[in-house]
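Visitor: Sequence and predicted structure below; questions after.
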Amino acid sequence: MLVATYDLWAFVSENGDELFDGLLNTLKVSGFAIVGAFVIGAVLGAARAHRIPVVSQFTAVYVEVIRNTPILVQIFMIFYALPQFGILFDQFTVAWLSVMIWGGAFNSENFRAGFQAVSYRYREAGYALGFGPFSTFLNVTLPIGGRIALPSSINTYISVVKNTSLMYVIGYAELTTTALNISNLTLETIEALTLLGIVYLVLVWTLSASIRLLESRLALPESS
Amino acid sequence: MPDWVEPVARYILEEGLPGTLRVSAIAVVGSALIGVVFGTLMTIKFLPLRGLLRFYIEVFRGLPILVTVFIVYFGLPSVAPSLEFAPLTSASIALVLWGSAQVAEATRGAVQSIPRGQHEAASALGFGWVGRHSSVILPQALRRLLPPFVSLLVNIIQNSTLAQVIGGLEILEAGERQSERLSSSPPIGIGEIHAAEIFAGVAVLFFLISFPLTRLAAHLEKRLV
């Protein structure tokens, strides 16, 4: 067993169930975090773009704090520091919560830029048609600004997927943790790393291909 | 201030900070040098070379940096024992692979944004490909690269914390070691948990380094574009 022979297929087939669970956990954490980051981004981005008092200032601070501190430190804060105040989360919660908070900060900047790019004339047209401020946002600013923000927000979601690999530090059994834990027992380090590389690149490349597809399909009529 | 603070702060600043700075410095310089060269070569119309560089860029931009760190730290020694590097060096190499891919992509765009006439004028003056790029095109392209360079620096400083995962002594690892030390019983520690204060301190330290740089990047972006 100690003889170093490279056999990626044996590594995958012998540990298939475990690796598949790891992949599912990666996707689950990513999914939760992406949905959360979308909501945070849309709401706080709107607050910033429309300069809603208090929320807007809070968002500015939130964005600067997240952007200027390493995500690994943020994970350590949630996992090691919060329990000191009696706030104890399980690993799964720490996993999606930390990447969601991180992605939400970047996404609120994406959406702010998108909403601010919507011409004031469109909103005036909304008001002229009798929409209130909130329905003008829902029916005019969000569909147009959301599309403008789409490519940059998908880039943020791609980073969210990649950042789930950091859950290795809290021992949450997502793909990276699972593959490396197996390789620690079987010494199939190269196989584990090859598999990680392939899976992450497929995930990331698929998502970035979707940006190009969506960009062409959702492009605003006048921008072509 | 409680007694435990001073030695902890000293350790983080004297043992951790130099590690972070060393990794960041190597990573930034390496990324810039390799990235600018690769990015310039990307503009040559020689398909196999361009395909190879495109692959390099897409792979190292696509991989989570932590996976690249593991490939360098765990993977390379399994391939050849001579490729075994210390944790901080491994993190630096991984960050150079990632950073150079970022820089290459940005450089390609910047070089291509220099008007055709500049190339022609340089050729008319008798410059060859290397002279034309090093004396005429790149100096102009580098100006446009300044804002992304500053952002890269911020990203690299923050991602240097990934060295912590493989035990490299940088700011976060220094904080982690002190937090563990304090929680052990005397005489080594004080049997108290101060993770919140220590990691908050680490976060503040990173914020103090990063915030002026992100402001600078935003400022340069406005001025130079």
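Guide: Received it, and whenever you're ready, just let me know what you need.
Visitor: Let me know the pLDDT of residue B:219.
Guide: Residue B:219 carries a pLDDT value of 89.
Visitor: Give me the number of neighbouring residues for it.
Guide: 12 (other CB atoms under 10 Å in any protein chain shown). Yep, even glycine has a C-beta here, placed from its N, CA and C like the rest.
Visitor: Report how many residues lie close to residue A:159.
Guide: The number of residues near residue A:159, taken as other CB under 10 Å, comes to 17.
Visitor: Just confirm it contacts residue A:103, I think it does.
Guide: Yes. Using CB atoms under 8 Å, residue A:159 is in contact with residue A:103, at 7.1 Å.
Visitor: Pull up the overlap in contacts between those two.
Guide: Counting by CB atoms under 8 Å, 6 or more residues apart in numbering or on different chains, residue A:159 and residue A:103 have no common neighbour.
Visitor: Could you list the low-confidence segments of chain A?
Guide: Applying pLDDT under 70 to chain A flags residues A:1-4, A:220-224.
Visitor: how about 50 then?
Guide: A:1-2, A:224 (pLDDT under 50).
Visitor: And the most centrally placed residue in it, how close does it get to residue A:166?
Guide: For chain A, the residue sitting closest to the mean C-alpha position, by CA atoms, centre = their mean, is residue A:160 at 3.0 Å. Applying CB to CB, to the nearest Å, the value for residue A:160 to residue A:166 is 11 Å.
Visitor: longest helix anywhere in the chain?
Guide: Just so you know, I chose chain A. helix A:16-49 (DSSP state H).
Visitor: oops, I was thinking of chain B
Guide: Chain B, longest helix under DSSP H: helix B:195-224.
Visitor: Briefly note if that one comes near chain A.
Guide: Yes. Residues of helix B:195-224 contacting chain A under CB under 8 Å from any CB of the partner chain: B:195, B:196, B:199, B:200, B:202, B:203, B:206, B:207, B:210, B:211, B:214.
Visitor: what ranges do the helices span in the chain?
Guide: If you meant another chain, say so; for now it's chain A. Using DSSP H, helices in chain A cover A:8-14, A:16-49, A:55-67, A:71-76, A:91-116, A:120-128, A:133-136, A:142-163, A:175-186, A:189-218.
Visitor: if you could check chain B rather than the one you did, that'd help
Guide: B:5-11, B:17-41, B:47-62, B:65-70, B:76-79, B:87-112, B:116-124, B:129-132, B:138-159, B:171-183, B:195-224.
Visitor: what's the fourth one packed up against?
Guide: Where contact means 3 or more CB pairs under 8 Å, 6 or more residues apart in numbering or on different chains; DSSP states H and E, helix B:65-70 is packed against helix A:175-186, helix A:189-218, helix B:87-112.
Visitor: Kindly provide the whole-number mean pLDDT of it.
Guide: 97.
Visitor: Buried residues in it, which are they?
Guide: For helix B:65-70, the buried set under the neighbour-count rule, 16 or more other CB atoms under 10 Å in any protein chain shown, comprises B:65, B:66, B:67, B:68, B:69, B:70.
Visitor: TSV for the residues you listed, including distance to residue B:17?
Guide: Shown next, in TSV, are the buried residues of helix B:65-70 (distance: CB to CB, whole Å):
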residue	distance to residue B:17
B:65	21
B:66	22
B:67	26
B:68	24
B:69	20
B:70	25
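Visitor: for these, which one is nearest residue B:127?
Guide: Nearest to residue B:127 among the buried residues of helix B:65-70, counting by CB to CB, is residue B:68 at 37.1 Å.
Visitor: re the thing from before, quick check: neighbours shared by residue A:160 and residue A:166?
Guide: Overlap of the contact sets of residue A:160 and residue A:166 (by CB under 8 Å, 6+ apart) consists of residue A:99.
Visitor: if I look at the nearest residue to residue B:140 once chain neighbours are set aside, how far off is chain A?
Guide: Once flanking residues are discounted, residue B:140 sits nearest to residue B:114: 5.4 Å by CB to CB, 6 or more residues apart in numbering or on different chains. Noted for residue B:114: a distance of 25 Å to chain A, by CB to the nearest CB, to the nearest Å.
Visitor: right, and residue B:114 touches residue B:141 too?
Guide: Yes. Using CB under 8 Å, residue B:114 is in contact with residue B:141, at 5.8 Å.
Visitor: These two: who's more crowded?
Guide: Each of residue B:114 and residue B:141 has its neighbours counted (other CB under 10 Å); residue B:141 has more, 24 against 18.
Visitor: what's the neighbour count on residue B:202?
Guide: Neighbours of residue B:202 under the rule other CB under 10 Å: 28.
Visitor: can you tell me how far it sits from residue B:151?
Guide: For residue B:202, the distance to residue B:151 - CB to CB - is 22 Å.
Visitor: and what of residue A:134?
Guide: For residue A:134 relative to residue B:151 (CB to CB), the value is 35 Å.
Visitor: who's more crowded, those two?
Guide: Ranked by neighbour count (other CB under 10 Å), residue A:134 and residue B:151 place residue B:151 first, with 19 against 8.
Visitor: For that one, which non-adjacent residue is spatially closest?
Guide: Counting by CB to CB, 6+ apart, the residue nearest residue B:151 is residue B:217, at 4.8 Å.
Visitor: That neighbour contacts residue B:154, correct?
Guide: Yes. With contact defined as CB under 8 Å, residue B:217 reaches residue B:154; the gap is 7.0 Å.
Visitor: looking at the helices of chain B, which is buried most?
Guide: helix B:65-70 (a mean of 26; mean count of other CB atoms under 10 Å in any protein chain shown).
Visitor: got the CA coordinates for it in PDB?
Guide: Taking C-alpha atoms only, helix B:65-70 is exported to PDB below (Å, rounded to 0.1, in the frame of the first residue of the first chain):
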ATOM      1  CA  ILE B  65      -5.700  29.500  -3.600                       C
ATOM      2  CA  LEU B  66      -5.800  27.100  -0.700                       C
ATOM      3  CA  VAL B  67      -5.800  24.200  -3.100                       C
ATOM      4  CA  THR B  68      -2.800  25.700  -4.900                       C
ATOM      5  CA  VAL B  69      -1.100  26.100  -1.500                       C
ATOM      6  CA  PHE B  70      -1.700  22.400  -0.900                       C
END
